[in-house]
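*Asks:* A predicted structure for the sequence below; I have some questions about it.
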Amino acid sequence: MSGQPDTDQLSFAEVTPVDGTARASALAALGAGDTFTRPPDAVDLGKLGTAAAWVAGCQGYYPPRALTRPRVVVFAADHGVAERGVSARPAGSTGAVVAEVEDGSSPLAVTADAVGAGLRVIGVGLAEGASDYLVRRSSGVIDVADALTDDEVRAGVRAGMAVADVEVDSGADLLIAANLGVGSTTAASTLVAALTGSEPVAVVGRGSGIDDAGWMRKTIAVRDALRRARPHLAEPLALLRTAGGADLAALAGFLAQAAVRRTPVLLAGLTVSAAAMVAEELAPGARQWWLAVTSTEEPAHRLALEHLDLEPLLDLGVNGDAELAAVAAVPVIATATRVLAATA
């Protein structure tokens, strides 16, 4: 495997930029820029053209090759802060959601099957159940305690890195990062608030569909967790330890290592985007290898995308199941890539 990290120090190999020549060639063929320089036979694909050019840059080829092996990787964990009543689901119930994905009955599983994407669920912090990558049983209650220990943070990041390596070595040419975690948006909102200098009321949304009382409980939890997180702004691993969780640590490792391995990743949803912010701190330049698929009504999600300077490809109005939107976008991106290749 290439791009192997130094696991003792938990450092990442340098991220190689996407191929600017291939991307520029694609954009030129699409007529990007002013109307005076646009080729008469340019195909106007709008944002889809931008996505196809991104694929060309990631592949380092123009015209780009067809996408043949998309893979959805879901990192699942319970969060102790769910005990505060910050979610519409009961604390420790992520395993039930995972079971629906694994038996193929969940919307995410159905969508992955419909678009021909492989699907894998990695339990890194479930309250119950076995997993080869288990970091711990649920996370700490982050408003009063650390989410993880130092060793658990490193184990979580390494788990994500290992999964990225396995997927890339197995031939994945497009990865879709996803999350399942009751209470995860509370931790994610705390990370976003810390890294953007925002106040709790500016980042807390409705998450799984909480009512006003739940929103107040969630805001208080984020406020208290943020107090504990702010001293660690310059230390990504310490930030994950204090206010993250096993899924966020694994996602950060997965996203950073995918970039090191020169493999494009689709992002959707608050928790994945919050982990991406930390991944960019761990492996500067990794964000070039990610494409934000859709925005949501979560204020912290919008702040995370602005922080990463990523403009969403679509606006599908999907909130609680944002990862579903990323999977549904796979054939759209694949089609745009084929159109670009055919007109090259």
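*Replies:* Alright, I've got the coordinates. Since the model is a prediction, treat every value here as computed from it, not as a measurement.
*Asks:* G123 falls within a helix, correct?
*Replies:* No. Counting by DSSP: H, G, I helix; E, B strand; the rest coil, G123 falls outside a helix, being strand.
*Asks:* quick one: contacts for it?
*Replies:* Taking CB atoms under 8 Å, 6 or more residues apart in numbering, we find G123 in contact with 76-77, 95, 98, 129-131, 133-134. Any C-beta I mention is one placed from the backbone N, CA and C, and that applies to glycine too.
*Asks:* tell me the pLDDT at it?
*Replies:* pLDDT recorded at G123 is 97.
*Asks:* buried ones among the contacts of G123?
*Replies:* Neighbour-count burial (16 or more other CB atoms under 10 Å) is assigned, among the contacts of G123, to 76-77, 95, 98, 131, 133-134.
*Asks:* which member of the contacts of G123 is positioned nearest D212?
*Replies:* A77 (27.0 Å; CB to CB).
*Asks:* and the closest one, what does it touch?
*Replies:* Counted by CB under 8 Å, 6+ apart, A77 has contacts 94, 123-126, 135, 138-139, 180-181, 184, 245-247, 250.
*Asks:* cross the residues you listed against strands and list the overlap.
*Replies:* In strands, defined here by DSSP state E, the members of the contacts of A77 are 123-125, 180.
*Asks:* tabulate these (a markdown table), appending distance to D315.
*Replies:* Below are those laid out as a markdown table (distance: CB to CB, whole Å):
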| residue | distance to D315 |
| --- | --- |
| G123 | 32 |
| V124 | 30 |
| G125 | 31 |
| L180 | 23 |
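*Asks:* of those residues - the most surrounded one?
*Replies:* Compared across the ones in strands among the contacts of A77, G125 has the highest neighbour count, 32 neighbours, by other CB atoms under 10 Å.
*Asks:* for the one helix or strand A52 maps to, which residues meet the burial criterion?
*Replies:* For A52, the element it lies in under DSSP states H and E is helix 47-59. For helix 47-59, a neighbour-count test (16+ other CB under 10 Å) marks 48-59 as buried.
*Asks:* follow-up on the earlier one: PyMOL command to pick out the buried ones of the contacts of A77?
*Replies:* Of these, the buried ones go into a single PyMOL selection, burial set by 16+ other CB under 10 Å:
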select buried, resi 94+123+124+125+126+135+138+139+180+181+184+245+246+247+250
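*Asks:* what residue is smack in the middle of the protein?
*Replies:* V272 (2.9 Å; CA atoms, centre = their mean).
*Asks:* give the contact list for that residue.
*Replies:* Per CB under 8 Å, 6+ apart, neighbours of V272: 177-179, 251, 255, 323.
*Asks:* could you rerun that using 6 Å?
*Replies:* Residues in contact with V272 (CB atoms under 6 Å, 6 or more residues apart in numbering) are 177, 179.
*Asks:* next one: V265
*Replies:* Here V265 is in contact with 175, 177, 258, 290 (CB under 6 Å, 6+ apart).
*Asks:* and it, how far from S273?
*Replies:* 12 Å (CB to CB, to the nearest Å).
*Asks:* okay, the strand or helix carrying R154 in PDB with CA atoms only?
*Replies:* If you go by DSSP H and E, R154 is part of helix 150-169. Only the C-alpha atoms of helix 150-169 are listed here, as PDB (Å, rounded to 0.1, in the frame of the first residue of the first chain):
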ATOM      1  CA  ASP A 150      -5.700   9.700  24.000                       C
ATOM      2  CA  ASP A 151      -5.200   6.100  23.000                       C
ATOM      3  CA  GLU A 152      -8.800   5.800  21.800                       C
ATOM      4  CA  VAL A 153      -8.500   8.900  19.600                       C
ATOM      5  CA  ARG A 154      -5.500   7.400  17.900                       C
ATOM      6  CA  ALA A 155      -7.200   4.100  17.600                       C
ATOM      7  CA  GLY A 156     -10.200   5.800  16.000                       C
ATOM      8  CA  VAL A 157      -8.100   7.800  13.500                       C
ATOM      9  CA  ARG A 158      -6.000   4.700  12.600                       C
ATOM     10  CA  ALA A 159      -9.200   2.700  12.100                       C
ATOM     11  CA  GLY A 160     -10.400   5.200   9.600                       C
ATOM     12  CA  MET A 161      -7.000   5.200   7.900                       C
ATOM     13  CA  ALA A 162      -7.000   1.500   7.700                       C
ATOM     14  CA  VAL A 163     -10.500   1.300   6.200                       C
ATOM     15  CA  ALA A 164      -9.500   3.900   3.500                       C
ATOM     16  CA  ASP A 165      -6.500   1.800   2.600                       C
ATOM     17  CA  VAL A 166      -8.500  -1.300   2.300                       C
ATOM     18  CA  GLU A 167     -11.100   0.400   0.100                       C
ATOM     19  CA  VAL A 168      -8.500   2.000  -2.200                       C
ATOM     20  CA  ASP A 169      -6.500  -1.200  -2.500                       C
END
